[in-house]
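Trainee: A structural model of the following input is requested.
(chains A and B)
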Number of protein chains: 2
Amino acid sequence: MGMREELSLDELRAHIDTCDSELVSLLAKRRLLTEQVGKIKQQNGAPLHAPEREAELIAARRQQAQDKGVNPELVEDILRRMMREAYENQQSELACAAPELSPIVIVGGEGAMGQLFAKQFKRSGYDVKVLDKAQQSNALEILKDAKLVLVSVPINTLEEVVSSLPELRPDCILADITSVKQKPLNSLLQKHQGPVIGLHPMFGPDISHWVKQTVVACEGRMPEQCQGLLDQLKIWGCYIAPMEAKKHDQAMQIIQVMRHLTTFVYGQFLARQCHTLEELRGCSSPIYQLELMMVGRLFAQSPELYADIMLAQFEDVEGLLASYQDTFAQTLTSLKNQDKSELIKGFDMAKTYFSDSAHSFLAQSRGILNKANDAKVLG
Amino acid sequence: MGMREELSLDELRAHIDTCDSELVSLLAKRRLLTEQVGKIKQQNGAPLHAPEREAELIAARRQQAQDKGVNPELVEDILRRMMREAYENQQSELACAAPELSPIVIVGGEGAMGQLFAKQFKRSGYDVKVLDKAQQSNALEILKDAKLVLVSVPINTLEEVVSSLPELRPDCILADITSVKQKPLNSLLQKHQGPVIGLHPMFGPDISHWVKQTVVACEGRMPEQCQGLLDQLKIWGCYIAPMEAKKHDQAMQIIQVMRHLTTFVYGQFLARQCHTLEELRGCSSPIYQLELMMVGRLFAQSPELYADIMLAQFEDVEGLLASYQDTFAQTLTSLKNQDKSELIKGFDMAKTYFSDSAHSFLAQSRGILNKANDAKVLG
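Mentor: Numbering: from 1, shown residues only, chains lettered A, B, ... in the order given. Below is the predicted model of the structure:
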C-alpha cells in the first residue's frame, strides 16, 4: 500500500507540474497581449497606469475566485505581480506628452539618476543630450537650443554647476532632481529668468518601472510652462505630489536624515555587542529579521561617502538630534523611576500621532512579512 | 483611427481577461491537487515542507520560463505565492509524529498562542485539553494523565502558574513557549523531575501556516524523551534552532527589547515635530514609508500593556540602553567636531559586523519594496 501511495503522490506532483507549466504558457501569452496594449497607449498618448481598469480587473477576478472556491487574496497578489511585469515590459516604448520639450539636456547625465531620466525621455521619443564632465568643453553647443535642462548632480556640487551654466533660452525650463529643494531651487531661480521647477523623485536609480512612483514637485516660476514636464511624468505612471520647498526640506530632515542617523547609531551599537549577526538572526522573528535588514542595508554604502553626507546635513538637523536625545533620556528616566504613568503618557502621544495608521501599518507589515516568508529558503 | 485603436485596446483587454480567467481556473485545479497531496502526507507522516521538491519544481518552471521568453523571477514569485496558499490549505489535516504525547494539556490554552498550539495539535490528531482560568477548579483531573504539558501564559505569571501545578506523571514532558528562556526553564526544572524543554516560537498567533517558521529550542532535561515533540514541529514544517537559554535571552534583549525601546523613542520624537504623518508620508520614498510603518505599528498596542512589558524588561537591558546612549552621544560629538575619520571608523566597525549581509540585505529589501509597490493603491 505504501507503494501505491508513493506512486499516487508522484502522479499528483506530475499533475501539479502540468498546471504550473500551463501557468508559464499563460504568462507568455499575457506578455504578448500587454506589450500590444503598451504600444497602443504609446500611440494614443495614454498614461501607462490606468487605475480604474486595474481596479475593475482585480474586482472581476476576485469575484470569479470566490465563485470557484479560490482565495481572492491569492488571485489579487498574483494579478498585482503580473501587472508589475506588464509595466516593466511596457517601458521600452512610451508615449510623448510634450514634444515641445525637445531638445532636452541632462546635466550630470552620466550619473545613475541622470542615466535613468535620459533613458526614459528617449523611450518617449525626446531628443536627449547629456552634459557631464566629459562633454564640458562642448557645453555651449549642447545647451544652445535646449527647451528643458534637467540638473542631476550631487547636492554639494549643484550651486557651482548651475551658476556656471551659460544663459539659456528664455522659454527653456530649468529643473533639478536634488533630494533637498530650498537651496537648489534658489540657485535655479537666480540663474534663469524663465520657467523653473524643483523635482524630488521618491525613488532610486534601480526601479524597474515608473508606475506608481512618487515625484515631489516644488513650484519655482511660470508653473503653467512646466506643466508639460509634469504631464510626461504622469504618462509614465508617476504620482505628482506638489509641495512647498521649505515644508519638503523639513519633512525630509525628520524622516530621512534622522532615520539614517539613528540607524547608523543602532548599527554601531549592535557591532559592539558580543553576539554575531548569525546568532541574532537565528533567534529573530520575521519582524526583527526585517528590522535587522533595514539597519544592515545602510552599511552596504561607502563609509567615505556616507560620512560626507552626514556631515553636510548635520547643521540642519542639530536641533532634531538634540530633541531625539532628550526624548531618549526622558524615556530612560521614566524607566529608571518605574514611572508607568509617564511611559503611558509618551505612548499615548505617539499613538495619537499615528492614530488609525498604526493598525493599517500593522496589517500592511503582516502582508509584507508573509511575502518575505514566501521567499525564505532554508538550508 | 482613434476609434479603431480604442476598439483594439478593448479587444486586447478582453483577451487579457480571458487569460486571467484561465489563471483562476488553474488555481482552482491546483488547489484540489495540493489538498490531495496534503492528505497523502498526513497518511504517510511526511513533513509538509519538502524543500527538495520545492527547489526542483521552481528550477523546472524557471527553465521553461526562460525558453518561452518569460521572466523567471516572475514565475518564481508566483510559484512561491501559490505554495504559501497550498501550505495554508494543507493545515486542516496534519500528520501525527508522536502519538505517545496524547493527552496533551495546554496551560493557558485560551490565550492567542495557546489556542494556536491547541488547534495545531488537534489537526494532527492529538487528544488536547485546555487548562485556563475557567478550568482551574478541574486542574487535577485535567492534568492527571497528561503526557505533554505545554505552558503558554504571560511571562510575568509563568513562575506562579508553574509552581502551582500538581505533580505530573514522571514520563510527562513539561514545556513552555515563553519569549524568555532562562528563568522559565528553571521554573519548569524545579517543578518537574521528568523531561523538560523550553521553546520560543519565532512567530505570533496570526500566522496562516507553520511552514518555514522558526522555533528556538532550549534543552532542559532528558532531551531524547522530548524528541517526539520536536519531530511534530518538523512535520508541521517548522525549523528548529537549538540554542543555549542564556545566549538566547541575551540575543533577544539586543534585538527585540532594544529595538522596541528605540522605536518607542522614535515614535515619540516624530509626534513632537510639527509635521503631520500625512505630510511625512507624502514625501517618503518606499524605504521610508516602510520605516514609518515599522515605527507606527508599535503604537497599535495597548499603552498599559506596553508600559508593563518595558518596565519588566528594564532591569535586564539597563546596560544595553546605556551603551546605546553612549554610541549616540559619541556620534553626535563626531558630527559637532566635523570629525570625518571618527565617523568612518564607526561606519567601518558596523560594516565589518554586517559584512556580506549588508549587500544581501540591500537586495532583499529591494525585493520587499517592489512587492510593497505592487500592492500600492493610489487615490
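
Trainee: quick one: the residue nearest the centre of chain A from A:Ile142, how far?
Mentor: Nearest residue to the geometric centre of chain A (CA atoms, centre = their mean): A:Phe203, 2.9 Å. Distance of A:Phe203 to A:Ile142, computed by CB to CB, to the nearest Å: 27 Å. C-beta coordinates here come from the backbone N, C-alpha and C atoms, glycine included.

Trainee: also A:Leu230?
Mentor: 24 Å.

Trainee: ok, A:Leu277 touching B:Asp356?
Mentor: No: taking CB atoms under 8 Å as the definition, A:Leu277 is not a contact partner of B:Asp356, at 9.8 Å.

Trainee: compare those two (neighbour count), which wins?
Mentor: Using other CB atoms under 10 Å in any protein chain shown as the criterion, A:Leu277 and B:Asp356 rank with A:Leu277 on top: 18 against 9.

Trainee: how about the more buried one, what does it touch?
Mentor: Taking CB atoms under 8 Å, 6 or more residues apart in numbering or on different chains, we find A:Leu277 in contact with A:Leu270, A:Leu292, A:Gly296, B:Tyr353, B:Phe354, B:Ser355, B:Ser357.

Trainee: identify, from those, the entry nearest to A:Ala14.
Mentor: B:Ser357 (39.0 Å; CB to CB).

Trainee: now do the contacts for the closest one.
Mentor: Here B:Ser357 is in contact with A:Leu277, A:Gly296 (CB under 8 Å, 6+ apart).

Trainee: per-residue confidence for it?
Mentor: On the pLDDT scale, B:Ser357 is placed at 90.

Trainee: next one: A:Leu378
Mentor: At A:Leu378, the model reports a pLDDT of 58.

Trainee: and if you look at A:Gln364?
Mentor: Reading off the model, A:Gln364 has pLDDT 83.

Trainee: and it, what does it touch?
Mentor: Contacts of A:Gln364 by CB under 8 Å, 6+ apart are B:Met293, B:Ala372, B:Ala375.

Trainee: which residues in the stretch 51-200 of chain A form helices?
Mentor: For the stretch 51-200 of chain A, the helices defined by DSSP state H, counting those that start in this stretch cover A:51-67, A:72-89, A:112-123, A:139-143, A:158-163, A:182-191.

Trainee: so which of those helices gets nearest A:Trp210?
Mentor: Here helix A:112-123 is closest among those (CB to CB), at 6.7 Å.

Trainee: for the contacts of A:Gln364, which ChimeraX command selects only the ones that are buried?
Mentor: Selecting just the buried residues from the contacts of A:Gln364 in ChimeraX takes one command, with 16 or more other CB atoms under 10 Å in any protein chain shown as the test:
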select /B:293,372
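
Trainee: would JSON lines of the contacts of A:Gln364 with distance to chain A and secondary structure be doable?
Mentor: Below are these laid out as JSON lines (distance: CB to the nearest CB, whole Å; DSSP: H, G, I helix; E, B strand; the rest coil):
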{"residue": "B:Met293", "distance to chain A": "4", "secondary structure": "helix"}
{"residue": "B:Ala372", "distance to chain A": "6", "secondary structure": "helix"}
{"residue": "B:Ala375", "distance to chain A": "6", "secondary structure": "coil"}
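
Trainee: which one of the contacts of A:Gln364 is nearest A:His15?
Mentor: The closest of the contacts of A:Gln364, once distances to A:His15 are taken by CB to CB, is B:Ala375, at 31.0 Å.

Trainee: where's that closest one relative to B:Glu291, distance?
Mentor: 17 Å.

Trainee: mind giving me a markdown table with the helices of the stretch 51-200 of chain A and columns for distance to chain B and mean pLDDT?
Mentor: A markdown table is the format used below for those (distance: least, CB to the nearest CB, whole Å; pLDDT from 0 to 100):
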| stretch | distance to chain B | mean pLDDT |
| --- | --- | --- |
| helix A:51-67 | 5 | 96 |
| helix A:72-89 | 4 | 95 |
| helix A:112-123 | 13 | 97 |
| helix A:139-143 | 30 | 96 |
| helix A:158-163 | 19 | 96 |
| helix A:182-191 | 13 | 97 |
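
Trainee: B:Met113 is nearest to which of the ones you listed?
Mentor: Nearest of the helices of the stretch 51-200 of chain A to B:Met113, taken as CB to CB: helix A:72-89 at 23.9 Å.

Trainee: output the closest one as PDB, restricted to C-alpha atoms.
Mentor: Output of helix A:72-89 as PDB, limited to C-alpha atoms (Å, rounded to 0.1, in the frame of the first residue of the first chain):
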ATOM      1  CA  PRO A  72      -9.400  36.100  -3.600                       C
ATOM      2  CA  GLU A  73      -6.300  37.400  -1.900                       C
ATOM      3  CA  LEU A  74      -4.200  34.800  -3.700                       C
ATOM      4  CA  VAL A  75      -5.700  35.900  -7.000                       C
ATOM      5  CA  GLU A  76      -5.100  39.600  -6.300                       C
ATOM      6  CA  ASP A  77      -1.500  39.100  -5.200                       C
ATOM      7  CA  ILE A  78      -0.700  37.200  -8.400                       C
ATOM      8  CA  LEU A  79      -2.500  39.800 -10.600                       C
ATOM      9  CA  ARG A  80      -0.600  42.600  -9.000                       C
ATOM     10  CA  ARG A  81       2.700  40.800  -9.500                       C
ATOM     11  CA  MET A  82       1.700  40.200 -13.200                       C
ATOM     12  CA  MET A  83       0.900  43.900 -13.500                       C
ATOM     13  CA  ARG A  84       4.400  44.900 -12.300                       C
ATOM     14  CA  GLU A  85       5.700  42.600 -15.000                       C
ATOM     15  CA  ALA A  86       3.500  44.300 -17.600                       C
ATOM     16  CA  TYR A  87       4.600  47.700 -16.600                       C
ATOM     17  CA  GLU A  88       8.300  46.600 -16.900                       C
ATOM     18  CA  ASN A  89       7.700  45.200 -20.300                       C
END
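
Trainee: in that helix, what counts as buried?
Mentor: For helix A:72-89, using 16+ other CB under 10 Å, the buried residues are A:72, A:74-89.

Trainee: now do stretch A:95-114
Mentor: A:95-98, A:101-109, A:111, A:113-114.
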